[in-house]
Every structure is written in structure tokens, then in C-alpha cells.
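> Take this sequence and fold it.
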Amino acid sequence: MTVTPYNNTSGKKEQVEQMFDNIAHKYDFLNNLLSMGIDRLWRKKAIRLISVYKPLSVLDIATGTGDFAIEALKLNPTKIVGVDISEGMLEKGREKLIQTKLDSKITLMKADSEKLPFSDNSFDAVTVGFGVRNFENLEKGLIDIYRVLNKNGTFVVLEFSKPTGFPFKQVYNFYFKYACPFLGKIISKDASAYTYLYDSVQAFPDGENFNKILRDTGFMEVENHKLTGGIATIYVAKK
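This is a model prediction of the structure:
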């Protein structure tokens with residue numbers, strides 16, 4: 001079943017773009033509030049996992065306002081590019097880069113994750129933070145990511161997952177199903193965006209199901225790192 005943010009006739013990709021354009025003005029504030037800052041620790045761990053491979057070029061897909069791309073600066077690469085389908089999110093990201101004087105180190109551009117505007121074997125590492133569940137066609141997006149990765153390149157996905165143990169499962173379900181949509185609606189004024197957050201996580205094939213999809217699309221050496229009782233997972237794979 002395809003989960004979409006809005007109940008209209010446009011495709012998932014168009015609806016996701018509309019949703020992020022709608023909430024871009026409050027995205028960073030809400031992200032920090034709802035995650036209580038723990039997402040920053042998750043991104044730091046993901047970058048540490050990549051650091052052993054010393055990538056010189058990094059592509060961050062579904063970059064949003066650029067937080068994962070900024071964290072990737074710790075890898076000391078020669079090139080970082082962040083792409084997203086939401087121009088609203090990218091605009092906020094560019095403002096952030098200018099304010100932090102990082103705009104000369106990171107390039108943000110609008111692009112479709114399923115049709116990346118890069119040649120084959122262009123990047124040593126590709127990252128996606130909380131974005132693969134928003135792909136309209138997951139396999140198609142993964143195949144194009146595989147294409148732009150260099151041989152022996154590293155693919156890292158940070159994504160929400162479904163905890164199974166007590167008490168994380170119970171706390172997670174209450175917080176993500178009820179508290180997040182309530183706060184998100186009040187602050188962002190978009191009633192659907194944070195309901196979609198819960199629904200899309202429930203629909204995403206996490207854990208071993210996602211491992212299989214990665215292998216089926218060509219990736220090797222797939223490994224998982226569960227975070228905070230399984231609320232999120234880092235997936236690492238090689239080309």
C-alpha cells in the first residue's frame with residue numbers, strides 16, 4: 001500500500017514535495033522539538049560509520065535543510081552535494097549554510113532521487129536521512145543510487161523503524177501516533193504532515209525486509225545498527 005500525505009489525486013512524489021514545502025518554515029524547529037535532539041546523535045553515528053572509508057565525494061539525498069550534509073563535513077571530503085525535491089526545504093538549507101558560512105563547502109540543488117542528474121560512479125558515499133520511505137518507487141530510487149556510487153562506494157541510510165521491545169514499542173506508538181501529529185498540526189499548520197510521518201514509518205519495510213531490497217538492487221555487505229531501542233536504524237551497504 002502506498003502511503004501519501006494528502007488525500008488527493010496527485011502522485012506520492014508531488015504530495016511529498018507539497019508537504020515539505022508547506023512545513024519548511026517550521027521544519028528545523030519541529031524536528032528538534034519532536035526528536036528532543038536525539039536525531040543529531042543518530043546522524044553523528046552514521047557519519048562515524050562512514051568515516052572508516054574516507055570518502056572524498058558525498059551525495060546527501062533528501063537533504064532537506066542540509067543537516068546530514070553539514071554533519072558529513074567531518075569526513076573532510078572534497079565535495080558534498082545535497083539534493084531534495086522540495087525547493088522550500090532547500091531554500092531554508094541555503095539560508096542555514098550562508099549563516100554558518102558553509103555555503104562554499106556544500107552545494108544544495110533540486111533533484112529527484114529516482115532520476116539523479118549525475119553520471120555513473122560519481123560519489124564515494126551516498127547518505128539518506130529519513131528519506132527513503134518518502135520515495136515514490138523505493139527500488140527505482142535505490143537502483144539510481146547504486147548507479148551514481150563509485151565501485152566500493154558506501155551507501156548509508158538513517159531511517160525510522162518499528163521497535164518491538166517494551167517499553168520502546170509502547171512509548172513510540174503513543175508518541176508518534178498521537179503527540180507528534182498534535183504538536184505538528186499546531187506549530188506547522190499542516191494537519192497531514194505529521195500524521196503521514198507515523199503512517200509512512202508503519203508502511204516502510206524496515207529491518208531484514210529492507211536488507212533484502214538492498215541486496216536485490218545490487219548492494220552487498222549490508223549491515224544494520226539499531227538505535228535507541230529500535231526507534232531508528234542505520235543501514236550500511238557497499239557497491
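
> count of neighbours near Met19?
23 (other CB atoms under 10 Å). C-beta: built from backbone N, CA, C; applies to glycine.

> okay but it is in contact with Ala191, surely?
No: counting by CB atoms under 8 Å, Met19 does not reach Ala191; the two are 11.0 Å apart.

> Strands along this structure, start to end?
Under the criterion DSSP state E, the chain contains strands at 57-61, 79-84, 106-110, 123-129, 149-160, 220-227, 232-238.

> how about JSON lines for those strands, with mean neighbour count added?
Shown next, in JSON lines, are the strands of the chain (neighbours: other CB atoms under 10 Å):
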{"stretch": "strand 57-61", "mean neighbour count": "25"}
{"stretch": "strand 79-84", "mean neighbour count": "23"}
{"stretch": "strand 106-110", "mean neighbour count": "18"}
{"stretch": "strand 123-129", "mean neighbour count": "26"}
{"stretch": "strand 149-160", "mean neighbour count": "20"}
{"stretch": "strand 220-227", "mean neighbour count": "14"}
{"stretch": "strand 232-238", "mean neighbour count": "22"}
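
> Tell me which helix or strand in the protein has the weakest average pLDDT.
Least confident helix or strand of the chain, by mean pLDDT, DSSP states H and E, is helix 27-35 with a mean of 85.

> which residues touch it?
Helix 27-35 is contacted from outside by 20, 23, 39, 64-65, 67, 89, 92, 96, 179-180, 183-184, 187-188, 194, using CB atoms under 8 Å, 6 or more residues apart in numbering.

> Need the worst-confidence member of those residues.
pLDDT is lowest at Gly184 among these; the value there is 84.

> Quickly note the distance from that one to Leu34.
Between Gly184 and Leu34 the computed distance is 7 Å (CB to CB, to the nearest Å).

> Common neighbours of the two, please.
Contact with both Gly184 and Leu34 is made by residues Tyr194, according to CB under 8 Å, 6+ apart.

> what separates the residue lying farthest from the centre of the chain from Glu139, distance-wise?
The centre of the chain is farthest from one residue, Phe166, which by CA atoms, centre = their mean lies 26.2 Å away. Phe166 is 34 Å from Glu139, where distance means CB to CB.

> do Gly64 as well
Taking CB to CB, one finds Gly64 at 23 Å from Glu139.

> Those two: which has the busier surroundings?
Remark: of Gly64 and Glu139, Gly64 carries more neighbours, 25 against 13, as counted by other CB under 10 Å.

> Skipping its backbone neighbours, what lies nearest the more buried one in space?
Distances taken as CB to CB, 6 or more residues apart in numbering place Met89 nearest to Gly64, at 4.7 Å, with adjacent residues excluded.

> That neighbour and Ala62 touch, don't they?
No: taking contacts as CB under 8 Å, Met89 lies outside contact range of Ala62: 9.0 Å.

> Gly64: what's it in contact with?
Taking CB under 8 Å, 6+ apart, we find Gly64 in contact with Phe20, Tyr27, Asp84, Ser86, Met89, Gly93, Gly129, Gly131.

> Closest to Asp216 out of those residues?
Nearest to Asp216 among these: Gly131, at 19.5 Å, using CB to CB.

> Might you report the residue contacts of Glu223?
Shown in contact with Glu223 (CB under 8 Å, 6+ apart): Tyr235, Val236, Ala237.

> hang on, I meant Ala46
Here Ala46 is in contact with Phe68, Glu71, Thr127, Gly129, Val156, Leu158, Ile234 (CB under 8 Å, 6+ apart).
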